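> I would like to see how this sequence folds:
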Amino acid sequence: MNAITVQQLTVVYDKQPALEDVSFHVPKGSLTGILGPNGAGKSTLIKAMLHLIPRKFGHVNVFGKPYTEQKHLIGYVPQRREVDWDFPTNALDVVLMGRYRQIGFFKRAKKEEISWAKQCLEKVGMLAYANRQISQLSGGQQQRVFLARALAQNASIYFMDEPFAGVDAQTEKAIIQLMKEWKKEGKTVLVVHHDLQTVEDYFDHVLLLNKKPIQYGETQRVFNLNNLEQTYGGKISFLEKSPVLIQGGE
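Residues are numbered from 1 along each chain as shown. Below you'll find the predicted structure:
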């Protein structure tokens with residue numbers, strides 16, 4: 001079964017197309033990387049899929065039903081730069097926000113919910129920082145807190161917007177380990193990604209995007225020199241079998 005089906009998704013900003021006629025399907029239990037140059041609409045795509053921004057046209061189904069009926073199955077890790085890290089809250093409270101459907105708005109978390117949130121922090125190596133204000137955390141620590149919040153949601157599908165951007169090597173390793181654990185559990189993960197050299201190690205499916213879908217499918221079939229040059233509009237050089245953009249695109 002496909003976890004997600006996107007049909008003819010189109011987004012327009014100031015009469016200029018940001019995304020045009022994007023259609024693809026994501027198999028259940030897959031790790032999918034969304035790749036493309038700056039301005040290609042990668043973040044716009046997942047935000048439109050999640051109804052966070054308006055779209056001109058298109059449909060998104062989750063396990064065969066409209067997104068609006070299935071959004072309780074979705075977890076979302078936004079770009080770190082989009083979060084107000086000066087908001088006066090600590091790491092534990094951020095993780096508990098991932099349990100709001102179980103706790104309810106304006107209600108105090110029960111002991112079992114707090115215990116679950118602490119387990120999620122422990123899994124990403126952040127339990128010792130549970131009472132630390134998020135503004136006092138490093139970039140990698142902040143990202144780990146948001147991973148813990150995603151864990152707390154216990155979702156079936158996760159959207160992650162550039163989770164590896166600006167984090168240390170240890171945090172990147174923790175993120176990819178968590179993604180692969182989700183895959184083993186049959187969960188589905190979509191990731192906006194920019195590092196071409198790690199794509200083949202991280203993802204089994206790839207969407208190459210430049211406002212329009214260039215190619216989509218299994219990584220071993222889609223992730224090749226010709227498709228990358230079409231996507232990035234520049235020359236790609238392979239160094240030690242890893243692609244590196246040397247001109248154009250990003």
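> Tell me the pLDDT of the residue lying closest to Ala174 once chain neighbours are set aside.
Distance criterion C-beta to C-beta, 6 or more residues apart in numbering; nearest residue to Ala174, sequence neighbours excluded, is Val124 at 5.9 Å. From N, CA and C alone the C-beta is placed, and that goes for glycine too. Note on Val124: pLDDT of 90.
> Quick check: Val124 touching Leu178?
Yes: at 7.2 Å, Val124 and Leu178 qualify as touching, with contact defined as C-beta atoms under 8 Å.
> Give me the common contacts of those two.
147, 151 (C-beta atoms under 8 Å, 6 or more residues apart in numbering).
> What's the local residue count around the residue nearest to Ala174?
Number of residues near Val124 (other C-beta atoms under 10 Å) recorded here: 23.
> The one 5 residues further on too?
Residues near Tyr129, counting by other C-beta under 10 Å, number 20.
> what about Arg80, distance to Leu73?
24 Å (C-beta to C-beta, to the nearest Å).
> do Lys187 as well
Lys187 is 10 Å from Leu73, by C-beta to C-beta.
> where does this structure dip in pLDDT?
Applying pLDDT under 70 to the chain picks out residues 100-109, 235-250.
> ranges for the helices of this protein?
42-49, 67-70, 91-96, 100-103, 111-123, 139-153, 169-184, 199-202, 219-222, 225-232 (DSSP state H).
> what helices or strands is the first one leaning on?
The helices and strands touching helix 42-49, judged by 3 or more C-beta pairs under 8 Å, 6 or more residues apart in numbering; DSSP states H and E, are strand 2-13, strand 16-27, strand 31-35, strand 157-161, strand 188-192.
> mind listing what the last one pairs with, with the direction of each?
If you go by DSSP bridges, strand 188-192 pairs up with strand 31-35 (parallel), strand 157-161 (parallel).
> and Asp204, which of those is closest to it?
Among the strands paired with strand 188-192, strand 31-35 comes nearest to Asp204, with 5.4 Å by C-beta to C-beta.
> Run through who's touching that closest one.
In this structure, residues lying in contact with strand 31-35 by C-beta under 8 Å, 6+ apart are 26, 42, 45-46, 179-180, 183, 188-194, 196, 199, 202-209, 219, 231.
> hang on, the earlier thing: okay if I get the strands paired with strand 188-192 as TSV plus mean neighbour count and distance to Tyr129?
Below are the strands paired with strand 188-192 laid out as TSV (neighbours: other C-beta atoms under 10 Å; distance: least, C-beta to C-beta, whole Å):
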stretch	mean neighbour count	distance to Tyr129
strand 31-35	25	28
strand 157-161	23	21
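> In CSV: these, plus distance to Val167.
Formatted as CSV, the strands paired with strand 188-192 follow (distance: least, C-beta to C-beta, whole Å):
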stretch, distance to Val167
strand 31-35, 16
strand 157-161, 12
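> Let me know which of the ones you listed is the nearest to Glu69.
With C-beta to C-beta as the measure, strand 157-161 is the member of the strands paired with strand 188-192 nearest Glu69 (13.6 Å).
> hmm, what's the outermost residue in the protein?
Relative to the C-alpha centroid of the chain, counting by C-alpha atoms, centre = their mean, Lys111 is the outermost residue, at 29.7 Å.
> Go ahead and confirm Arg132 touches Ala91.
Yes: at 5.6 Å, Arg132 counts as touching Ala91 under the criterion of C-beta under 8 Å.
> higher neighbour count, those two?
The neighbour comparison of Arg132 against Ala91 (other C-beta under 10 Å) goes to Ala91, with 27 against 15.
> Relative to Ile34, how far out is the more buried one?
28 Å.
> do the same with Phe24
To Ile34, Phe24 is 10 Å away according to C-beta to C-beta.
> again with Leu121
For Leu121, the distance to Ile34 (C-beta to C-beta) stands at 28 Å.
> show me the contacts for the most centrally placed residue in the chain.
For the chain, Met160 is the residue whose C-alpha lies nearest the centre (C-alpha atoms, centre = their mean; 1.2 Å). Residues counted as contacts of Met160 (C-beta under 8 Å, 6+ apart) are 76-77, 150, 179, 189-192.
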